[in-house]
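Asker: take a look and give me a structure for this.
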Amino acid sequence: MSRSARRLLAAVGVFGLQWLIVGRLRIYGAYPDAVLLFLGWYALREGRRRGTLAGAGLGLALDVAYGTWGIHMFVKALIGFLVGRFAVEEHTPLIIRPQQALLGSLVVALLHNGLFVALVALQTQATTGFLLYGLWLGSAGYTAAVGGIVALFAR
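Answerer: Numbers count the residues shown, from 1 in each chain. All right, here's what the predicted structure looks like:
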């Protein structure tokens, strides 16, 4: 099986895992974003173009699943583009330490969730504190913690 086919299957698996399991692991309404963690790893490995395309594809799947129609696609494509800017060379191994995964996941999740919350608030005209504390800060911290834990065991 080719590398591209394996990564596509991994993306589909992560989407299914997010939709069926991880999205239901809520703590005070905050939930981790496994798709964002996968997208960050993929964009670091493959670069801007593939990161943007993967973000758009995964975001479209999340939009269909959650009914946000375009918000996930836009934000995830933008994150794939930005993270892909820091991609490693093709023959250089990508080694991510748990501290790097925790801090990188936190920065990316804060940016992603901030944009997502702003767009959802504009779309729904909502002004609740939950959007700020639960979805933006809470979910970003939860995603970063999951990213750090995954990095501990992904060696």
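Asker: any buried residues in the one helix or strand residue 59 maps to, and which?
Answerer: Applying DSSP states H and E as the criterion places residue 59 in helix 48-66. By 16 or more other CB atoms under 10 Å, the buried positions in helix 48-66 come out as 48, 50-63. For every residue, glycine as well, the C-beta is placed using N, CA and C.
Asker: which other residues reach the helix or strand of the chain with the lowest mean pLDDT?
Answerer: One helix or strand of the chain scores below all others by mean pLDDT, DSSP states H and E: helix 129-130, with a mean of 90. With contacts defined as CB atoms under 8 Å, 6 or more residues apart in numbering, helix 129-130 is touched by residue 29.
Asker: quick one, the helix or strand encompassing residue 109 and helix 48-66 angle?
Answerer: Under the criterion of DSSP H and E, residue 109 resides in helix 98-124. Between helix 98-124 and helix 48-66, the angle comes out at 50 degrees (axes from the mean of the first three to the mean of the last three CA atoms, to 10 degrees).
Asker: which stretches of the protein have low pLDDT?
Answerer: 155 (pLDDT under 70).
Asker: in the protein, which residue is most central in space?
Answerer: residue 36 (0.8 Å; CA atoms, centre = their mean).
Asker: once you drop chain neighbours, what's closest to that residue?
Answerer: residue 112 (5.7 Å; CB to CB, 6 or more residues apart in numbering).
Asker: how about residue 154?
Answerer: Residue nearest to residue 154 in three dimensions, not counting chain neighbours: residue 96, with 7.9 Å by CB to CB, 6+ apart.
Asker: work out for me the element that neighbour sits within.
Answerer: Applying DSSP H and E, one finds residue 96 in no helix or strand.
Asker: run through the residues that contact it.
Answerer: 41, 44, 104, 151, 154.
Asker: check residue 139 too.
Answerer: If you count contacts by CB under 8 Å, 6+ apart, residue 139 has them with 30, 31, 32, 33, 109, 113.
Asker: quick one on the thing from earlier: nearest to residue 67 among the contacts of residue 96?
Answerer: Residue 67 has its nearest neighbour among the contacts of residue 96 in residue 41, at 26.6 Å by CB to CB.
Asker: and that closest one, how many neighbours?
Answerer: Residues near residue 41, counting by other CB atoms under 10 Å, number 23.
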